[in-house]
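Participant: I would like the atomic coordinates for the input below:
(3 chains)
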Amino acid sequence: MDNLNSTQNSLVSVHNLTFSRGKKKIFNDISLEFERGKITAIMGPSGTGKTTLLKIIGGQLFPAHGSVTVNGRNVHHLKHDELYALRKRMGMLFQSGALLTDMNVFNNVAFPLREHTQLPESMIRSLVLMKLEAVGLRGARDLMPNELSGGMARRVALARAIALDPMMIMYDEPFTGQDPISMGALVLLIKSLNTTLGLTSIIVSHDVQETAAIADYIYVLSEGKVVGQGTPQEIQKSESEWVQQFMTGAADGPVHFHYPAKEYMDDLLHSEKPLFSRQRPPSDRNAKRRRYS
Amino acid sequence: MPHNNTQDTFVGLFVAAGIAALFFLGLQVSNLSSFSHGDTYQVIARFSNSGGLKVKSAVSAAGVKIGSVRSITFDPKTYESVVAMEIDAKYKTLPDDSSASVFTAGLLGEQYVSLDGGGSSDYLKNGSKIEITNSAIILEKALGQFLFKSAEEKKSAPEDKKSSGKK
Amino acid sequence: MMEFFRFLGAGTRASFAKLGRATFFLVDMLSGISSVVIRPRLLLKQLYSVGVLSFLIITISGLFVGMVLGLQGFYILSRFGAEETLGVMVAASLVRELGPVVAALLFAGRAGSALTAEIGLMKATEQLSGMEMMAIDPIKRIISPRFLAGVLSMPLLAALFSAVGIIGGQIVGSGLLGVDDGAYWSQMQANLDFQGDIINGVIKSVVFGFVTSWIALFEGYDAIPTAEGVSRATTRTVVNSAFSILGLDFILTALMFGDN
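Facilitator: Down below sits the predicted model:
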């Protein structure tokens, strides 16, 4: 962890990170390294806070303990302006694409350029067309976001994320909900962007096959801990029962099919407790608190 | 951001319409226009009772507004109300023996000063004093007198009740 | 019983927490206005969607409210033989009260709810978060221009409402019911004060524009990013705006016209 070699090679390092939401610990003292120019994947079942991790790296959320360094700077100690300067060099691809719905594809990609640079319109046009060409959507420049399919929207968002030529891109579930063809296109795109632009990529995903195909290094998370790490080959050969269950997709194993509950027979035989009893299930109470806070 | 000319035009029209509405309210609806002309001259009238007259009440001649009340003060020596009026400079041919009366516009209306021309060939000028004044009619007093009078009449000629009560 | 107090306590705490968030939001929003001033094009676009698109509903409602005032006013005033003061009645009620208040209520329903839904959906579809990650402050880029547009549009809309209403009253009063046209206008001019009536009405509408835009934008920004959350936030915008407008109207009226 304090290995000097590893910190020099990594663009992003996460040290002893702890993050809680309510009483639930999303991350419990985890440390991760993301090497420059490599594709690093974070895998794990839904609900393990993978997206949260990206938001912490991007400085949108603050951890309870631990530090996150991006390009040698502690993200959460930066002033507002410094953080924004750093974010210009970090691209992020949201699961939904997060395209601005009131402007067309061209203007969406041009948006960060227009906001952050004083470039003349002719140069912005060339840059935007270049980025759109890279994702294969130069012909779709006049479409509005609601006219795009999910896969196309994600590719436009990718073009927008690379508009400012960032040093890294964070992909949030890039493969979810894609048909096999657009999934293949995205896999190829991420890989080629990484090699041609020399980007550092962080992929958060639970799509085992696709991610394993392009990742250089994989972290597997579960219940706030790193349960496995290594190259795709090492992960596939891992002896951890947990990792095996995740990689092969078995329904039952260390991760249970059932959400924690009391005994089935017990539940069937006894009726619900009255509404204002003292022993309200804690999950219920949390739900109420979340709504108001 | 690409330009959108129709949008610009509509915003321009909207802002122009809004400002026009404000001007309309200022000039057409309220009394802003009466502040605007600068040239006035001031005359003073003393009333034994100026009633409900207020600063900015109208001063009119033959029913046309020609000025406004500028100040109303009480003279502790003569127990009179001293009303200073500003009259528009373009009405400079008011005879100096004009009389000033405090009238009420309608039963529920505001009180105003009415100037009635006399026969003099000299005109009112800045600082002039209007000598002949008629005080405000105080409704309570008038009613009291009226009731008192009609009671007297009733006593003397009860068969006339109908016609006097009507009046 | 303990449950009840716990519930009450949690509710109170949540209300204060929300008030606190709204205050921080206001500070951010106001400090973002400086960056709107140097980019007037952002403001222009919002003036269009907040102001221009409310124009029709405001003017049509104003016309009808003025016509109704003319009708009702005439019936009551003619009983006292004071029909010629119809202009005063119509203009005073519009300029002092109905113009700012009804225009603000319509504004909350038309523009406020749209603002909440727009911001809420932008949050739900991660557009705000996406902007933050593109190093663009969504408060400066999205919220502040909308706020400024709301504050600037409101007095214009209220003035339009009153002006159209006064004309509506005149159409009914002197056009249909036979009040003397000259008396309608001259009584109005003689009895309405620019400072006391028009300016106070404008001040009211600026305050209402400020509060309504603030509520609408905050509810959108604070909405739970789901379909249900956004729809609830939209409802809250209309309800809270209406309460605030009417409550503030009472306070402002007491302050402005109280010494009369």
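
Participant: average pLDDT across stretch C:13-22?
Facilitator: In this model, stretch C:13-22 has a mean pLDDT of 91.

Participant: Could you measure from residue A:200 over to residue A:212?
Facilitator: Separation of residue A:200 from residue A:212 (C-beta to C-beta, to the nearest Å): 19 Å. Using the backbone N, CA and C atoms, a C-beta is placed for each residue, glycine as well.

Participant: between the two, which one's more packed in?
Facilitator: Each of residue A:200 and residue A:212 has its neighbours counted (other C-beta atoms under 10 Å in any protein chain shown); residue A:200 has more, 23 against 18.

Participant: so what's the more buried one up against?
Facilitator: Applying C-beta atoms under 8 Å, 6 or more residues apart in numbering or on different chains, one finds that residue A:200 lies in contact with A:11-12, A:34-38, A:40, A:167-169.

Participant: ok, the closest residue to it other than its chain neighbours - contacts?
Facilitator: The shortest distance from residue A:200 to any residue other than its chain neighbours is 4.1 Å, reached at residue A:168 (C-beta to C-beta, 6 or more residues apart in numbering or on different chains). With contact taken as C-beta under 8 Å, 6+ apart, residue A:168 is in contact with A:11-12, A:34, A:70, A:89-91, A:199-202.

Participant: Kindly report the same for residue C:201.
Facilitator: With contacts defined as C-beta under 8 Å, 6+ apart, the neighbours of residue C:201 are B:25, C:95-96, C:99-100, C:158, C:162.

Participant: Among those residues, which one sits closest to residue B:141?
Facilitator: The shortest distance between residue B:141 and any of the contacts of residue C:201, using C-beta to C-beta, involves residue C:96 and amounts to 33.4 Å.

Participant: From residue C:190, how far out is that closest one?
Facilitator: For residue C:96, the distance to residue C:190 under the criterion C-beta to C-beta works out to 16 Å.

Participant: The one helix or strand in chain C whose mean pLDDT sits lowest packs against which elements?
Facilitator: Taking mean pLDDT, DSSP states H and E as the measure, chain C has helix C:181-191 as its least confident helix or strand, at a mean of 81. Contacts of helix C:181-191 with other secondary structure elements, assessed using 3 or more C-beta pairs under 8 Å, 6 or more residues apart in numbering or on different chains; DSSP states H and E, are made with helix C:86-92, helix C:144-170.

Participant: got the residues of chain A near chain C?
Facilitator: A:55, A:58, A:60, A:84-88, A:90-92, A:94-96, A:98-101, A:111-112, A:115-116, A:157, A:160, A:164, A:276, A:288-289, A:291-293 (C-beta under 8 Å from any C-beta of the partner chain).

Participant: and the host helix or strand of residue C:72, which residues are buried?
Facilitator: Here residue C:72 is covered by helix C:53-79, with elements defined by DSSP states H and E. By neighbour count with 16 or more other C-beta atoms under 10 Å in any protein chain shown, helix C:53-79 contains the buried residues C:53-55, C:57-59, C:61-63, C:65-67, C:69-71, C:73-74, C:77.

Participant: Roughly how far does whichever residue of the stretch 51-200 of chain C sits closest to chain B sit from residue C:150?
Facilitator: For the stretch 51-200 of chain C, the residue positioned closest to chain B under C-beta to the nearest C-beta is residue C:156, at a distance of 2.6 Å. Relative to residue C:150, residue C:156 is positioned 11 Å away (C-beta to C-beta).

Participant: Report the beta-bridge partner residues of residue B:130.
Facilitator: Each beta-bridge partner of residue B:130 is listed here: residue B:45, as defined by DSSP bridges.

Participant: That one against residue B:98, yeah?
Facilitator: Yes - distance between residue B:130 and residue B:98: 6.2 Å, which falls inside the contact criterion (C-beta atoms under 8 Å).

Participant: Could you check which helix or strand contains residue C:15?
Facilitator: Using DSSP H and E, residue C:15 sits in helix C:2-31.

Participant: any residue of that helix up close to chain A?
Facilitator: Yes - contact of helix C:2-31 with chain A (C-beta under 8 Å from any C-beta) involves C:3, C:10-11, C:14, C:17-18.

Participant: Go through the residues you listed and name the one nearest chain A.
Facilitator: residue C:14 (3.6 Å).

Participant: any weak-confidence spans in chain B?
Facilitator: Flagging of chain B using pLDDT under 70 yields the residue ranges B:1-4, B:31-38, B:106-109, B:157-167.

Participant: next one: chain C
Facilitator: Filtered on pLDDT under 70, chain C yields the residue ranges C:258-260.

Participant: Check it and tell me which residue is nearest its centre.
Facilitator: Relative to the mean C-alpha position of chain C, the nearest C-alpha, by C-alpha atoms, centre = their mean, is the one of residue C:104, at 2.4 Å.

Participant: got a list of what that one touches?
Facilitator: For residue C:104, the set of contacting residues under the criterion of C-beta under 8 Å, 6+ apart consists of C:154, C:158, C:205, C:208-209, C:212, C:241, C:245.

Participant: What's the separation between it and residue C:242?
Facilitator: Between residue C:104 and residue C:242 the computed distance is 9 Å (C-beta to C-beta).

Participant: What residues does residue A:20 make contact with?
Facilitator: Neighbouring residues of residue A:20 by C-beta under 8 Å, 6+ apart: A:26, A:64.

Participant: ignore the last one, residue A:229
Facilitator: The neighbours of residue A:229, taking C-beta under 8 Å, 6+ apart as the test, are A:217-220, A:235.

Participant: Can you pick out the most distant pair from the residues you listed?
Facilitator: Of all pairs drawn from these, the greatest distance, 11.1 Å, lies between A:217 and A:220 (C-beta to C-beta).

Participant: Just give the strands next to the helix or strand that residue A:203 is a member of in its sheet, each with its orientation.
Facilitator: Element membership of residue A:203, judged by DSSP H and E, is strand A:200-205. Based on DSSP bridges, the pairing partners of strand A:200-205 within the sheet are strand A:39-43 (parallel), strand A:168-172 (parallel).

Participant: next SSE after the last one?
Facilitator: Pointing back at strand A:168-172 there. Once the chain leaves strand A:168-172, the next helix or strand it forms, by DSSP H and E, is helix A:180-197.

Participant: which parts of that next one are buried?
Facilitator: Within helix A:180-197, judged by 16+ other C-beta under 10 Å, the buried ones are A:182-183, A:185-187, A:189-190, A:193-194.

Participant: any idea how far residue B:68 lies from residue B:86?
Facilitator: From residue B:68 across to residue B:86, the span is 6 Å (C-beta to C-beta).

Participant: Just want to know which of those two has more residues nearby.
Facilitator: Neighbour totals were compared for residue B:68 and residue B:86, and residue B:68 leads with 22 against 19 (other C-beta under 10 Å).

Participant: my guess is the more buried one is in a strand, correct?
Facilitator: Yes - secondary structure of residue B:68, determined by DSSP: H, G, I helix; E, B strand; the rest coil: located in a strand.

Participant: Contacts only, for it.
Facilitator: For residue B:68, the set of contacting residues under the criterion of C-beta under 8 Å, 6+ apart consists of B:34, B:56-59, B:85-86.

Participant: hmm, 10 Å instead?
Facilitator: Contact analysis of residue B:68 by C-beta atoms under 10 Å, 6 or more residues apart in numbering or on different chains lists B:31, B:34-35, B:40, B:55-60, B:85-88, B:112-113, C:190.

Participant: same thing with residue C:218?
Facilitator: With contact set as C-beta under 10 Å, 6+ apart, residue C:218 has these partners: C:18, C:21-26, C:29, C:116, C:119, C:143, C:147, C:233, C:236-237, C:240.

Participant: now with 7 Å?
Facilitator: When the contact criterion is C-beta atoms under 7 Å, 6 or more residues apart in numbering or on different chains, the partners of residue C:218 are C:22, C:25.

Participant: Which helix or strand lies directly C-terminal to the helix or strand harbouring it?
Facilitator: Following DSSP H and E, one finds residue C:218 within helix C:200-222. Taking DSSP H and E as the definition, the helix or strand that follows helix C:200-222 towards the C-terminus is helix C:227-257.
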